[in-house]
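> Sequence and predicted model, in that order:
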Amino acid sequence: MPHSRMTGLGYYVPENVVTNQDLTQWMETSDAWIQERTGIQERRYFTYGKDTNASMAAAASRQALERASLTPADVDVVVYATITPDYYFPGSAFLMQRELGMEGKPIIDIREQCSGFVYALSIADQFLKSGMYRTALVVGSEIQSTWIDKSTSGRNVAVIFGDGAGAAVLQATDSPDHRILSTHLHADGRFAEDLYVRDPGSSRPDRAATKEMADEGGYNVVMNGSAVFKHAVVRFGEVIQEALQANGFQPGDIDLLIPHQANLRISDYVRQQLGLSEAQVVTNIQRYGNTTAASIPIALAEAWEQGRVQEGQLLCLAAFGSGFTWASALIRW
Ligand code: ACO
């Protein structure tokens with residue numbers, strides 16, 4: 001049976017840097033409040049007319065493909081995670097496919113929010129292991145700056161999120177030395193409304209107008225911050241342990257943990273729970289905020305660029321997000 005190996009990583013973050021101080025022009029907040037509770041110092045916002053969800057994904061994908069010495073023509077399947085597609089439908093994978101000139105190739109749009117990239121990775125891994133495809137492009141891309149409520153009433157959510165995209169190339173290999181060892185996926189819909197955006201929802205009164213949805217606040221992110229925190233710190237630990245146990249490892253065997261960049265307090269809690277050092281955990285939330293499905297591939301690609309990812313290392317990707325969803329992947333690099 002073939003295995004999947006990650007052979008190229010890429011990312012794109014928009015050039016527009018928005019600092020905590022910049023946010024004070026729209027809402028009552030402060031750099032100290034944001035840093036103390038989230039660790040975030042700045043984030044990137046897309047530039048209208050230049051960036052789209054799909055164009056950012058395409059930029060990240062081009063870089064990942066180039067680093068794998070491949071072209072878009074070599075890709076057999078695209079699995080694309082986002083909660084902020086350019087259109088309500090079709091998904092942004094279609095637009096990225098068009099931009100990269102990959103017409104006719106199968107594409108799959110994935111939701112699953114902050115766990116989206118790990119879900120996408122798992123699906124691509126199954127395609128390669130089954131022998132159906134040899135090369136997959138796995139993408140996470142988000143433009144969140146357009147839908148967050150930047151007034152004081154939305155500040156508990158608005159300060160957290162940013163825009164960006166990341167991508168990974170997976171190739172089938174017969175060698176077991178460098179491969180995705182396993183992936184682990186979970187979801188629990190009982191908590192759907194603890195972190196959600198209702199509109200444009202379809203289960204509404206007939207012909208509900210866009211204006212009504214907006215007036216009712218249906219487009220705003222609703223977050224039960226303490227519920228998210230409590231579940232996240234438990235689920236992150238569980239799903240990391242699950243991956244380790246499935247492969248006969250202990251937490252100390254992890255060379256690099258790449259968690260979804262939800263909130264620095266959550267990552268720190270998980271790091272301490274597992275007894276890992278700061279050097280063993282990748283964090284870049286200080287500079288990019290929480291980029292939902294893009295956060296893991298951006299963090300992984302940056303860590304690779306910085307030389308922190310070395311051949312033979314044991315890498316663990318772990319995510320928790322709205323739904324609730326949680327997921328992990330263990331990789332022998
Ligand atoms: N600036 C200043 N004050 C603020 C801000 C802000 N940006 N946001 C909220 N406040 C105020 C509130 O108005 C409130 O004031 P009050 O006590 O006078 O009423 C007080 O701070 C507490 O408000 P909460 O909404 O309860 O904010 P909380 O202290 O819970 O902090 C935070 C918000 C940091 C998001 C917290 O809930 C948290 O850490 N949650 C964990 C979940 C998380 O990180 N979610 C984001 C990622 S989701 C994911 O990726 C899975």
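All right, it came through fine.

> Can you report how many residues lie near residue 314?
By other Cβ atoms under 10 Å, the residues close to residue 314 number 17. For every residue, glycine as well, the C-beta is placed using N, CA and C.

> Check which helix or strand the closest residue to residue 2 other than its chain neighbours maps to.
Nearest residue to residue 2, sequence neighbours excluded (Cβ to Cβ, 6 or more residues apart in numbering): residue 172, at 4.2 Å. Assessed by DSSP states H and E, residue 172 sits inside strand 164-173.

> now this protein, which segments are flagged as low pLDDT?
Low-confidence segments of the chain, defined by pLDDT under 70: 207.

> need the contact list for residue 227.
Contact analysis of residue 227 by Cβ atoms under 8 Å, 6 or more residues apart in numbering lists 191, 194.

> what residues does the stretch 1-150 of the chain put near the ligand?
29, 33-34, 37-38, 114 (Cβ under 6 Å from any ligand atom).

> Centroid-nearest residue for this protein?
Nearest residue to the geometric centre of the chain (Cα atoms, centre = their mean): residue 293, 2.2 Å.

> List phi and psi for the closest residue to the ligand within the stretch 101-250 of the chain.
Nearest residue of the stretch 101-250 of the chain to the ligand, counting by Cβ to the nearest ligand atom: residue 225, 2.1 Å away. The phi and psi torsions at residue 225 (degrees, to the nearest 10) take the values phi -60, psi -40.

> which element is the residue nearest to it when sequence neighbours are not counted on?
Nearest residue to residue 225, sequence neighbours excluded (Cβ to Cβ, 6+ apart): residue 156, at 6.2 Å. Using DSSP H and E, residue 156 maps to helix 155-158.

> What's the end-to-end length of stretch 214-234?
With Cα to Cα, to the nearest Å as the measure, stretch 214-234 spans 34 Å from end to end.

> Same question for stretch 5-19.
OK, stretch 5-19 end separation, Cα to Cα: 37 Å.

> residue ranges for the helices of the stretch 101-250 of the chain, please.
Assigned by DSSP state H, counting those that start in this stretch, the stretch 101-250 of the chain shows helices spanning 116-130, 155-158, 210-215, 225-246.

> Return the set of buried residues in the third one.
By neighbour count with 16 or more other Cβ atoms under 10 Å, helix 210-215 contains the buried residues residue 213.

> helices or strands up against that helix?
Counting contacts by 3 or more Cβ pairs under 8 Å, 6 or more residues apart in numbering; DSSP states H and E, helix 210-215 is packed against no other helix or strand.

> Skipping its backbone neighbours, what lies nearest residue 133 in space?
Sequence neighbours aside, residue 76 is the residue nearest to residue 133 in space, at 3.7 Å (criterion: Cβ to Cβ, 6+ apart).

> what's the neighbour count on the one you found?
19.

> got the contact list for it?
105-106, 127, 133-136.

> Dump the helix holding residue 156 to PDB, restricted to CA.
Provided in PDB are the C-alpha atoms of helix 155-158 (Å, rounded to 0.1, in the frame of the first residue of the first chain):
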ATOM      1  CA  ARG A 155     -14.700  43.100  19.900                       C
ATOM      2  CA  ASN A 156     -14.400  39.800  21.800                       C
ATOM      3  CA  VAL A 157     -14.400  38.100  18.400                       C
ATOM      4  CA  ALA A 158     -13.000  40.700  16.100                       C
END
